[in-house]
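Participant: A structural model of the following input is requested.
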Amino acid sequence: MQLRGNWIDETGTRGTGDLWAWGEWEAESELLRELSQLGDPGFPRYLWLPYYVRRRHGYRGLHNTDPFIFGERFLYSNCHQRWKSRLRTLPRGSVIAFGSKKGEWVLDTVLVIAGSVEYVAEAAPHSLSDLVPEAFLDVTAGPLADNDAGARFRLYWGATPADPVDGMFSFFPAVEAGGDAGFKRPSIELPEECFTNTLRMGAKSTRLASDTVRQLWESLVQQVREAGLLLGTRAAGPPRREG
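Facilitator: Reported below is the predicted structural model:
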């Protein structure tokens with residue numbers, strides 16, 4: 001995706017501008033152009049610009065976007081929570097690594113939990129309206145309300161560089177926009193007791209001491225930087241277009 005956002009480079013220097021990043025977006029998007037894969041299917045083939053349309057007749061049958069990296073704080077609202085109750089009780093300072101297995105396990109988002117609130121799916125567009133960006137209400141809360149009635153979830157919001165938790169903040173691997181090719185998502189290795197790199201679709205949670213969590217977060221940061229990537233720390237909300 002092409003995003004407007006903030007980043008931190010390997011020297012700690014901060015910047016703002018157009019970024020390219022991998023991430024989940026289940027609403028509409030505009031194809032900007034085809035990219036070179038450099039003979040490697042791990043590189044993206046297309047570059048997309050996310051936007052969304054407010055649905056006048058509801059969101060029945062539509063997927064929701066989770067995690068949601070747009071706005072002042074990253075948000076994690078529901079993925080796997082219905083079947084894994086432990087994901088609804090994560091404490092402040094927990095670190096969530098979102099990604100997938102593509103041969104190797106690859107990373108697209110890290111969320112450090114700063115706070116949370118429980119909610120009921122069908123009430124989400126109203127009960128969460130003061131806590132989340134407008135776009136979230138349409139691309140996540142709306143589909144949850146119309147497709148997951150009765151389900152209880154917990155909304156988590158992420159720490160930021162300006163408001164970290166134990167020195168940790170949320171980020172996504174990124175590069176500055178430009179060029180003919182994007183980038184491969186960084187492959188990640190962590191200790192087996194807290195990370196299962198063979199999971200294709202699933203979730204694992206492990207309770208660890210805060211010092212250990214900080215060390216693992218620093219390892220994620222290091223591995224992203226060793227891949228030559230920036231730490232994207234904020235993405236502007238995609239625009240709403242008329243349907």
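Participant: rest of the way, CA atoms for contacts and neighbours
Facilitator: Will do.
Participant: biggest strand in this protein by residues?
Facilitator: Longest strand of the chain, by residue count under DSSP state E: strand 104-120.
Participant: which strands and helices sit next to that one?
Facilitator: strand 95-102, strand 152-158, strand 172-176 (3 or more CA pairs under 8 Å, 6 or more residues apart in numbering; DSSP states H and E).
Participant: now do that strand against strand 172-176, angle only.
Facilitator: With axes from the mean of the first three to the mean of the last three CA atoms, to 10 degrees defining the directions, strand 104-120 sits at 120 degrees from strand 172-176.
Participant: how far does strand 104-120 sit from its chain's centre?
Facilitator: Here the centre of strand 104-120 is set off from its chain's centre by 7 Å, with CA atoms, centre = their mean, to the nearest Å.
Participant: about what we covered before: of the helices and strands packed on strand 104-120, which stretch is the most buried?
Facilitator: Highest mean neighbour count among the helices and strands packed on strand 104-120 (mean count of other CA atoms under 10 Å): strand 172-176, with a mean of 25.
Participant: quick check: neighbours of it in the sheet, parallel or antiparallel?
Facilitator: Strands that pair with strand 172-176, judged by DSSP bridges, come out as strand 14-21 (antiparallel), strand 230-235 (antiparallel).
Participant: what's the first helix or strand after the first one?
Facilitator: Downstream of strand 14-21, the next assigned helix or strand under DSSP states H and E is strand 29-34.
Participant: return the distance of whichever helix or strand comes after that next one from the chain's centre.
Facilitator: Scanning forward in sequence from strand 29-34 by DSSP H and E, the next helix or strand is strand 46-50. Relative to its chain's centre, strand 46-50 lies at 16 Å (CA atoms, centre = their mean).
Participant: now strand 46-50: buried residues?
Facilitator: For strand 46-50, a neighbour-count test (16 or more other CA atoms under 10 Å) marks 47, 48, 49, 50 as buried.
Participant: want to throw the residues you listed into a markdown table with pLDDT?
Facilitator: Shown next, in a markdown table, are the buried residues of strand 46-50 (pLDDT from 0 to 100):
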| residue | pLDDT |
| --- | --- |
| 47 | 98 |
| 48 | 98 |
| 49 | 98 |
| 50 | 98 |
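Participant: closest one to residue 159 out of those residues, please.
Facilitator: residue 50 (23.6 Å; CA to CA).
Participant: is that closest one in a bridge, and if so with what?
Facilitator: Counting by DSSP bridges, residue 50 forms beta bridges with residue 29.
Participant: what sits against it?
Facilitator: 1, 2, 25, 27, 28, 29, 30, 238, 239 (CA atoms under 8 Å, 6 or more residues apart in numbering).
Participant: give me the buried subset of these.
Facilitator: When those are checked for burial by 16+ other CA under 10 Å, the buried set is 1, 2, 25, 27, 29, 238.
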